[in-house]
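**Student:** The amino acid sequence is not available; the structure is as follows:
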């Protein structure tokens, strides 16, 4: 499992058991994607479901962090036309930015893990989904996705890159297993769901 090669932010990615759902709180807003991309080894692959970064930006970032030979699938839910011309991307799907479209595209990608070598899912940005809908609706989405992640023995990272809201993070975290805080200053801080359920963020 490779370390982040950016020289900034996350210095090493902790390992997570298959079936683990992780809330990633990214204070700088730029460390979460490298963190997720650095997780799978060459025998697996990562599906990036993006609601904020266009597919072309994911393609620019990915080669610096993804293991050689690992698959990269992109589900672009920015609402913009998604086109990339690179052999590094094995699958590209465009979807709308509304919550039902994001949910449908994500679940279809996870169900495809039955036949394709996929080990990791990155869903960013959850905070933008909350901004355009409600915490309760996003909770239902995360619950549905987390259930699929456990069923297919994947590891999923859900990125919170907005202002840290303790109550919102506690609600969303109820369906997840771990929380990782990336502050750009060194090792990521990993906690279990019960460990952050009573804190202030």
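**Tutor:** Nice, thanks for sending it over. Keep in mind that what you see is a predicted model, and the values were worked out from it rather than measured. Numbers count the residues shown, from 1 in each chain.

**Student:** pLDDT below threshold where in this protein?
**Tutor:** Confidence mapping of the chain against pLDDT under 70 gives the ranges 1-13, 41-42, 184-187, 193-201.

**Student:** ok, 80 please
**Tutor:** By pLDDT under 80, the weakly predicted segments of the chain are 1-14, 27, 39-44, 80-88, 113-117, 183-188, 190-201.

**Student:** longest helix of it?
**Tutor:** helix 135-151 (DSSP state H).

**Student:** which strands and helices sit next to that one?
**Tutor:** Helices and strands touching helix 135-151, as assessed by 3 or more C-beta pairs under 8 Å, 6 or more residues apart in numbering; DSSP states H and E, comprise strand 20-26, helix 99-111, strand 120-124, helix 126-132, strand 155-160, helix 166-173. Bear in mind the C-beta positions are built from the backbone N, C-alpha and C, glycine included.

**Student:** What I need now is those written out in TSV, including mean neighbour count and distance to residue 93 for each item.
**Tutor:** Shown next, in TSV, are the helices and strands packed on helix 135-151 (neighbours: other C-beta atoms under 10 Å; distance: least, C-beta to C-beta, whole Å):
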stretch	mean neighbour count	distance to residue 93
strand 20-26	24	21
helix 99-111	18	6
strand 120-124	26	13
helix 126-132	20	17
strand 155-160	28	17
helix 166-173	18	24
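
**Student:** can you redo those as CSV with distance to residue 147?
**Tutor:** Converted to CSV, the helices and strands packed on helix 135-151 look like this (distance: least, C-beta to C-beta, whole Å):
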stretch, distance to residue 147
strand 20-26, 9
helix 99-111, 9
strand 120-124, 13
helix 126-132, 16
strand 155-160, 11
helix 166-173, 15
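
**Student:** Which one, of the ones you listed, ends up nearest to residue 180?
**Tutor:** Closest to residue 180 of those is strand 20-26 (C-beta to C-beta; 5.0 Å).

**Student:** quick one, the closest one and strand 155-160 angle?
**Tutor:** With axes from the mean of the first three to the mean of the last three C-alpha atoms, to 10 degrees applied, the angle from strand 20-26 to strand 155-160 works out at 30 degrees.

**Student:** neighbouring contacts of strand 20-26?
**Tutor:** 16, 32, 35-36, 126, 142, 145-146, 149-150, 155-161, 164, 169, 172-173, 175-182, 201 (C-beta atoms under 8 Å, 6 or more residues apart in numbering).

**Student:** in the helix or strand just after that strand, what's buried?
**Tutor:** Beyond strand 20-26 in the direction of the C-terminus, DSSP states H and E gives the next helix or strand as helix 32-37. Within helix 32-37, the residues scored as buried using 16 or more other C-beta atoms under 10 Å are 32-37.

**Student:** All set, thanks.
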